[in-house]
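Student: Fold the following for me, if possible:
(4 chains)
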4 protein chains.
Amino acid sequence: MAGPRMPGRNFLFVPGPTNVPDRVMRAMMVAMEDHRSSRFPELTLSLFQKLKQIFKTETGQPFIFSGSGTGAWEAALTNTLSRGDKVLAPRFGQFSHLWIDLAQRIGLDVVVQDEEWGTGASPERIEEALRADRTHAIKGVLIVHNETATGVTSDIAAIRRAIDNAGHPAMLYVDGVSSIGSIDFDMDRWRVDLAVAGSQKGLMLPAGLGIVCASPKALAANKTAGCARTYFDFGDQMKANATGYFPYTPSLPMLYGLQESLGILFEEQLVHVFERHQVLADGVRSAVAAWGLKLCAKEPKWYSNTVSAIMVPPGIDGADVIDAAFRRYNLALGAGLSKVAGKLFRIGHLGDLNDLMVLGALAGAEMAMRDVGIDVTLGSGVAAAQSHFRSTIMAKEKRPTEQERFAQMHPEGVFHPQRAG
Amino acid sequence: MAGPRMPGRNFLFVPGPTNVPDRVMRAMMVAMEDHRSSRFPELTLSLFQKLKQIFKTETGQPFIFSGSGTGAWEAALTNTLSRGDKVLAPRFGQFSHLWIDLAQRIGLDVVVQDEEWGTGASPERIEEALRADRTHAIKGVLIVHNETATGVTSDIAAIRRAIDNAGHPAMLYVDGVSSIGSIDFDMDRWRVDLAVAGSQKGLMLPAGLGIVCASPKALAANKTAGCARTYFDFGDQMKANATGYFPYTPSLPMLYGLQESLGILFEEQLVHVFERHQVLADGVRSAVAAWGLKLCAKEPKWYSNTVSAIMVPPGIDGADVIDAAFRRYNLALGAGLSKVAGKLFRIGHLGDLNDLMVLGALAGAEMAMRDVGIDVTLGSGVAAAQSHFRSTIMAKEKRPTEQERFAQMHPEGVFHPQRAG
Amino acid sequence: MAGPRMPGRNFLFVPGPTNVPDRVMRAMMVAMEDHRSSRFPELTLSLFQKLKQIFKTETGQPFIFSGSGTGAWEAALTNTLSRGDKVLAPRFGQFSHLWIDLAQRIGLDVVVQDEEWGTGASPERIEEALRADRTHAIKGVLIVHNETATGVTSDIAAIRRAIDNAGHPAMLYVDGVSSIGSIDFDMDRWRVDLAVAGSQKGLMLPAGLGIVCASPKALAANKTAGCARTYFDFGDQMKANATGYFPYTPSLPMLYGLQESLGILFEEQLVHVFERHQVLADGVRSAVAAWGLKLCAKEPKWYSNTVSAIMVPPGIDGADVIDAAFRRYNLALGAGLSKVAGKLFRIGHLGDLNDLMVLGALAGAEMAMRDVGIDVTLGSGVAAAQSHFRSTIMAKEKRPTEQERFAQMHPEGVFHPQRAG
Amino acid sequence: MAGPRMPGRNFLFVPGPTNVPDRVMRAMMVAMEDHRSSRFPELTLSLFQKLKQIFKTETGQPFIFSGSGTGAWEAALTNTLSRGDKVLAPRFGQFSHLWIDLAQRIGLDVVVQDEEWGTGASPERIEEALRADRTHAIKGVLIVHNETATGVTSDIAAIRRAIDNAGHPAMLYVDGVSSIGSIDFDMDRWRVDLAVAGSQKGLMLPAGLGIVCASPKALAANKTAGCARTYFDFGDQMKANATGYFPYTPSLPMLYGLQESLGILFEEQLVHVFERHQVLADGVRSAVAAWGLKLCAKEPKWYSNTVSAIMVPPGIDGADVIDAAFRRYNLALGAGLSKVAGKLFRIGHLGDLNDLMVLGALAGAEMAMRDVGIDVTLGSGVAAAQSHFRSTIMAKEKRPTEQERFAQMHPEGVFHPQRAG
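Tutor: Sure, this is the predicted structure:
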């Protein structure tokens, strides 16, 4: 529907920023207020508590910075390491590449483990490298949980086991920017030391907050960490946060928005949020199969539930698909970056999404692909995803509730529902 | 994606209220102000001018009432007729029925011409009735331009010709609530005397304004019209409107919203707005054909570009389709009303819509139909609509612009673009 | 701060529309939805319940019309009376005048009791007129509770007693547009039959809703009332409202906004809302006294807690005060209407207001008065109001709570707080 | 008006965050979009151009960081200096103290010039120190243009002259966080090398953006600056900004809000914005004089047009004034920080403010002061400020326009208005 104005809603399927729900939009529309008032801590102290549920941690401490995920990357490293410290970091996409680059620029000695793009972090190679590091020179292992550039999710639990198997004391740093709030993330169980998140993905907010959660071990390391840091310093935050304040003026719309978006996640319940992302991602993947195309992710074990990177056939430029989708159909898809530029296009399927939004995007992708000469059957991907969505819903409606299952098993028992999140 | 919360956007495909564009939403977010200030007329006087472009009239006078289309129906009749006056009114759906009911309740003597639901006003029968009315007892002819209950558009130009052919002086009353702003409406060319619109359809606003446009003939009739009226009185409005005010407090958000929505329509240009509605409607109809279903509208000449009423197969209750769509897929479809209750469901395709929104809705309708046992092939309607949308866009991109066409025909000429709207 | 743009907030002190609180503004920012969905009644049914608390009625039935207070005036009369019915109506300002005019235009026979502007309805004269009406030809008594044009509040309880003393069965119609939600209004205790409200005053919403509450006696009268009515018909509303719907498309932003504004009133508690309006009005009146000026209201018993009409000295045009206030100080004051045009200016002090907002407005009024040659001492009115506000707050802080008072009186008792509203 | 809810608007008179105008609030309410789309640079490239007008620079380059003023402080220093570099920095309040602290923590060698709180940077001492620095070891001079803690504005033009007089090549770093957009700031004329701003003061936005403008000399220094930096790196920004993008996801609401707030400033015209701040500040200062109190700023030459720090009499705790103002009158005042804690309270008078807002705040401050035992006459400060505001407006209305002045001087000439900003 090309023209001077694009009527209707934009279908936003880049992997971030994601759609901001109306409820969050409303919550952000606040008059300014004194961030040093006696009332302000009510807001902030409860935010810190709720963030812990998002990271699934009891002992971790969350930090909220005005900034972005990149700033949170920097905060995680500079607060816990010193120039010259050695860290181990697999590289298998543009975002793992950029984190490594950042680490190098702040003076860390990065041992890079290159993996094929389309695969992820290798627990085996990590274990091996750590075992070889007898002197424990390696202070940290840096993993991008969900590599947004290739649509690959690495197995953090397996990496934790690798570190444990090697008996190595390195801290575990995880970039969860495009996983936290969408894909299960279990900080305490995986003993993640530094978890990094941003506001503009699963948290369904505009960009503008970089969030880091630090384990007690990380906080201990903070005391001796020699990297220069001021804006992103944990210490200044901890002092002010303890009573519900910030060391400098925080963004009120973002804090009130975060309060609402966390509320939405807890209402839906995290377990259902993750399940929804799984269903939507499976729908997209069944469409890709129906189109006869391949994902960049090499194997099902790498498949990401938040972004799918779809290889275009030889002779086709993925950028042309994206351009046609944007100009003609008001559909925003993600581009291939760096090594895979032109070779793929990406569908971000995370945040405040439902079946029909995804089906509309798939329909748009089909049209755009046809427009640039990719031989897909119109409606084929949509039909495959529809089938998947219907079967899931039917299954769900037939499925007994938790309470019903309990009643079947314990005819005499009293059911106590678990807390959300 | 059933559950305690419905993530993502609701797909709103009832034939009103329609989606309010973000720009209009923002424009409505105004602080209150003194509606008797010296500045206020800037807003209102320009609104009246712009509304004339929407009705396509030079000589008509628009009235803006806080109210709804029903109120505007009442305003059109009570301001121009007296108790006992005879009017002629075809009836072929729930909305033409309700307007007739309202006319009867205010004391008019309505000559009802019943037409089969799925057809519309018959110019032939109207001409015949008017010819038979030698004494010109009939003061008005009431036509619902677009019958929202059945998805039928009547031919107002043909009805004007019928009245002229009969040489009859009756005024022409047209309910354009679900046509104006979406389907071409040409008040001056068709010599409509009373045109009725509401805010919540093609004007892309919430409900809350009933708008009437009156021809000079209608304003003349106003002087002698004896029906009781106070809130909806043209006279009070005219007195206050002349200087840019209202006889009672107007709704500021609605006026500012109207200013923005008219701006959007003029930016897209009315001719393109109508064309877009045509394309989207054709897409929906091609989907219906692919599903092997029938419209309530009996023939292509009755097809509405703003709403399609789709007959469900025998043995199926249309309400079940609507229920499944709403509960499972966050898709709002319109119900069958009155005579056709349960026999159909309706897709409203008007207002701030684009291709992908419609495709998402079609995908949802397919799933909901399958869920209740209608044997449609998943993806089939989507594919048919996709084909149609692609061919239109391709044709458009190949089509020479107005200026290029001019240059081909008049190699020496100077091109003067016509005004929008 | 004259100039091309007026920086900062407008000080809105017209007696309606009033300031819309941010919470209500946010609540109004809703995406459109199907007003016939199975979920919709949750909203509407609770609104009707809450409105009853605002009118303080157990047995009354509230009606919500898209429209204005004028529409609600019409609804109250046409739904309960027939053409030619006699009603008694005191007239003492522009709004009582306009209601009488409306009543006459719908065909009622209005017995007008003119009272001096600056006074209000006279219970004595009403009792007298009703006693004289031996045949009970008078079907209703129409009272404007708070005459916005002169800042006069009439005593509805006294009028009820007057009717009772006369042993007359006439229904009691009360225009509470600028009182309900700001000044105590007790429908059941006063046995008001038709109470009329609008959204843009004490309810802190934009204009757009006319609200009527009808007693069982009024609903009985509805069955035989012969006035023509369709848009404003109680019957259509009752049928649809019973299950939580409306006979035509309602304004969703207004309904969601009303839900929030009622919530705000109940949180503050109506008794405190009324007390706040009393305090603010007393502050304004003490400023007027300090300026050496007089109110239009002749005696304290007529003083309105929502609007003060302030007489300007001879030789000064009140419109000039308003103009200077608006152009120079971004302050909107109300004008003198009709008989009192130019002789006064009005300060509306109702809705979402606090002490400092009123003090800012008083300061602005002082400057504007000086600018046009009224000899008031700058700061004098502000100081008088400050004194009043401080004494009230001090008194309040010293005042024992309800619970403390109870404990003093009933050392053994268990305190049961009353429900709000 | 103490109670469970605070009705009416909060009077926000802390020196940041400041009131966000409704227009900016609306502009921020945007759906998310792809920040890598082909359309996005339209927004960003124009923002950079407009920011240059705010800094009054032709050759400077602005950088927009998601962050705060603190982050912008860090960016200015780390991008242009190396660990161990010497800088000269006067200290005369909490914010100059904090910037020095930040400089020390990133490894700079800060030569601190302590000045009495209530005074500002001394051009004489700076010239002296630079003259003494024969080896040009000092790489930069750091000045807080407007010290928010004490309400003191330093004279940047004089400091530039001091540097020039000393013939010293040190770069000039200026913190304009609470001056830029409110007090004249002339980057090019003053040859400022690094100018630092935040979004939440004169730019009338929420906190969330740290903005730095760098001179060509600063950009040259960037090439060799050795401080570690990644998130705040100029280089990454320059690469992406050149084509209208950002190296990481920007905050869309803040960018759209900035576009609108800059538009508002240019509409009012910067010269009038500064003049308005001057008038409002003079009004506040005349109130302080009427109260018989003193400013923290020692002499008129130090008086700030954006914040006034008002000394409370001995025996009174400034925090009690602030507490009473907040709890009782919904008025937010600023606290005394560090050395002056308890000794003063601050009125921020910057951003989207007008006369009546200031008068309301002054009235509230008077009441709060009386409540805690400060013997001020109610209304006295208000009256003094009213007098000042009226005289300014009267003078302005009598003053000939620029065009009229031109006509007087050049009866034959053709007037060419200058561009805004």
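Student: what about the closest residue to chain B within the stretch 201-350 of chain A, distance to residue D:94?
Tutor: For the stretch 201-350 of chain A, the nearest residue to chain B under the criterion C-beta to the nearest C-beta is residue A:268, separated by 4.7 Å. C-beta coordinates here come from the backbone N, C-alpha and C atoms, glycine included. Between residue A:268 and residue D:94 the distance is 44 Å, computed by C-beta to C-beta, to the nearest Å.
Student: so what secondary structure elements neighbour the helix or strand containing residue A:256?
Tutor: Assigning secondary structure by DSSP states H and E places residue A:256 in helix A:252-268. With contacts defined as 3 or more C-beta pairs under 8 Å, 6 or more residues apart in numbering or on different chains; DSSP states H and E, the secondary structure elements packing on helix A:252-268 are helix A:22-28, helix A:40-55, strand A:61-66.
Student: Could you find the residue in chain A that comes nearest to chain C?
Tutor: Across chain A, no residue is closer to chain C than residue A:26, which sits at 4.5 Å (C-beta to the nearest C-beta).
Student: Identify the residue spatially nearest to the residue of the stretch 51-200 of chain A found nearest chain B, adjacent ones excluded.
Tutor: Proximity to chain B, evaluated over the stretch 51-200 of chain A using C-beta to the nearest C-beta, is greatest for residue A:182 at 11.4 Å. For residue A:182, the nearest residue in space outside its immediate sequence neighbours is residue A:202; the separation is 3.7 Å by C-beta to C-beta, 6 or more residues apart in numbering or on different chains.
Student: Reformat the helices and strands packed on helix A:252-268 as CSV; add mean neighbour count and mean pLDDT.
Tutor: What follows is the helices and strands packed on helix A:252-268, written out as CSV (neighbours: other C-beta atoms under 10 Å in any protein chain shown; pLDDT from 0 to 100):
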stretch, mean neighbour count, mean pLDDT
helix A:22-28, 22, 97
helix A:40-55, 18, 97
strand A:61-66, 24, 98
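Student: Now distance to chain D too, for these, in CSV please.
Tutor: Below are the helices and strands packed on helix A:252-268 laid out as CSV (distance: least, C-beta to the nearest C-beta, whole Å):
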stretch, distance to chain D
helix A:22-28, 6
helix A:40-55, 11
strand A:61-66, 5
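Student: And those: which comes nearest residue C:30?
Tutor: Proximity to residue C:30 (C-beta to C-beta) singles out helix A:22-28 among the helices and strands packed on helix A:252-268, at 7.2 Å.
Student: what sits up against the closest one?
Tutor: Outside of helix A:22-28, the residues that reach it under the criterion C-beta atoms under 8 Å, 6 or more residues apart in numbering or on different chains are A:20, A:204-206, A:253-254, A:256-257, A:259-261, A:264, C:26-27, C:29-31, D:28-29, D:253.
Student: Could you tell me which of these count as buried?
Tutor: The neighbour-count test (16 or more other C-beta atoms under 10 Å in any protein chain shown) marks A:20, A:204-206, A:253-254, A:256-257, A:259-261, A:264, C:26-27, C:29-30, D:28-29, D:253 as buried among those.
Student: Report pLDDT for residue A:409.
Tutor: Residue A:409 is assigned a pLDDT of 63 by the prediction.
Student: can you check residue A:394 too?
Tutor: Predicted confidence (pLDDT) at residue A:394: the value is 80.
Student: One more: residue A:404?
Tutor: We have a pLDDT of 65 for residue A:404.
Student: Give me the residue ranges of chain A where confidence is low.
Tutor: When the per-residue scores of chain A are filtered using pLDDT under 70, the ranges that remain are A:1-5, A:399-421.
Student: and the spatially most central residue of it, what element?
Tutor: In chain A, the residue lying closest to the centroid (C-alpha atoms, centre = their mean) is residue A:178, at 1.7 Å. Taking DSSP H and E as the definition, residue A:178 sits outside all helices and strands.
Student: can you pull out the strands in chain A?
Tutor: Secondary structure of chain A by DSSP state E: the strands cover A:11-13, A:61-66, A:86-91, A:109-114, A:138-144, A:146-147, A:152-153, A:171-175, A:194-198, A:209-214, A:307-311, A:331-335, A:344-348.
Student: who does the longest one pair up with?
Tutor: Strand A:138-144 has its sheet partners listed here by DSSP bridges as strand A:86-91 (parallel), strand A:171-175 (parallel).
Student: How far off centre is that strand?
Tutor: 18 Å (C-alpha atoms, centre = their mean, to the nearest Å).
Student: go on, the last one?
Tutor: Taking C-alpha atoms, centre = their mean, one finds the center of strand A:344-348 at 15 Å from the center of the full chain.
Student: That one close to chain B?
Tutor: No. For a cut-off given as C-beta under 8 Å from any C-beta of the partner chain, strand A:344-348 has no contacts with chain B; the smallest distance is 13.1 Å.
Student: what's that strand packed up against?
Tutor: Helices and strands in packing contact with strand A:344-348 are listed as strand A:307-311, helix A:318-329, strand A:331-335, helix A:355-371; criterion 3+ C-beta pairs under 8 Å, 6+ apart.
Student: Can you tell me the strand partners of that strand and which way each runs?
Tutor: Applying DSSP bridges, strand A:344-348 is found paired with strand A:307-311 (antiparallel), strand A:331-335 (antiparallel).
Student: most tightly surrounded among those strands?
Tutor: Each of these was scored by mean neighbour count; the highest is strand A:307-311, a mean of 26, by mean count of other C-beta atoms under 10 Å in any protein chain shown.
Student: what angle do it and helix A:355-371 make?
Tutor: Angular relation of strand A:307-311 and helix A:355-371 on a 0 to 180 degree scale: 20 degrees, by axes from the mean of the first three to the mean of the last three C-alpha atoms, to 10 degrees.
Student: who touches strand A:307-311?
Tutor: Counting contacts by C-beta under 8 Å, 6+ apart, the residues touching strand A:307-311 from outside are A:15, A:146, A:148-151, A:178, A:281, A:284-285, A:288, A:293-297, A:334, A:336, A:340, A:343-350.
Student: Next one: residue A:7 from chain D, what distance?
Tutor: Going from residue A:7 to chain D by C-beta to the nearest C-beta, to the nearest Å gives 14 Å.
Student: so who does that residue touch?
Tutor: When the contact criterion is C-beta under 8 Å, 6+ apart, the partners of residue A:7 are A:1, B:21, B:268, B:273, B:276, B:352, B:353, B:354.
Student: Also residue A:207?
Tutor: Residues touching residue A:207, when contacts are defined by C-beta under 8 Å, 6+ apart, comprise A:16-17, A:68, A:198-200, D:35, D:66, D:248-252.
Student: do that again at 10 Å, thanks
Tutor: A:16-17, A:67-69, A:198-201, A:254, D:32, D:35, D:66, D:208, D:246, D:248-254 (C-beta atoms under 10 Å, 6 or more residues apart in numbering or on different chains).
Student: same deal with residue A:245?
Tutor: A:35, A:36, A:37, A:40, A:41, A:44, A:45, A:237, A:239.
Student: which stretches of the stretch 151-300 of chain A form helices?
Tutor: A:156-165, A:216-222, A:234-241, A:252-268, A:270-291 (DSSP state H, counting those that start in this stretch).
Student: Let me see the residues that make contact with the second one.
Tutor: Right, helix A:216-222. A:59-61, A:76, A:78-82, A:85, A:139-140, A:169, A:171-173, A:191-195, A:212, A:214-215, A:225, A:229, A:233-235, A:238.
Student: mind saving the C-alpha coords of it as CSV?
Tutor: Backbone C-alpha positions of helix A:216-222 (Å, rounded to 0.1, in the frame of the first residue of the first chain) are rendered in CSV as follows:
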residue,chain,number,x,y,z
PRO,A,216,27.2,-11.9,45.5
LYS,A,217,30.4,-13.2,43.9
ALA,A,218,30.3,-10.4,41.4
LEU,A,219,29.7,-7.8,44.1
ALA,A,220,32.7,-9.2,46.0
ALA,A,221,34.8,-8.8,42.8
ASN,A,222,33.5,-5.3,42.5
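Student: Give the buried residues for that helix.
Tutor: Taking 16+ other C-beta under 10 Å as the neighbour-count basis, helix A:216-222 is seen to contain the buried residues A:217, A:218, A:219, A:221, A:222.
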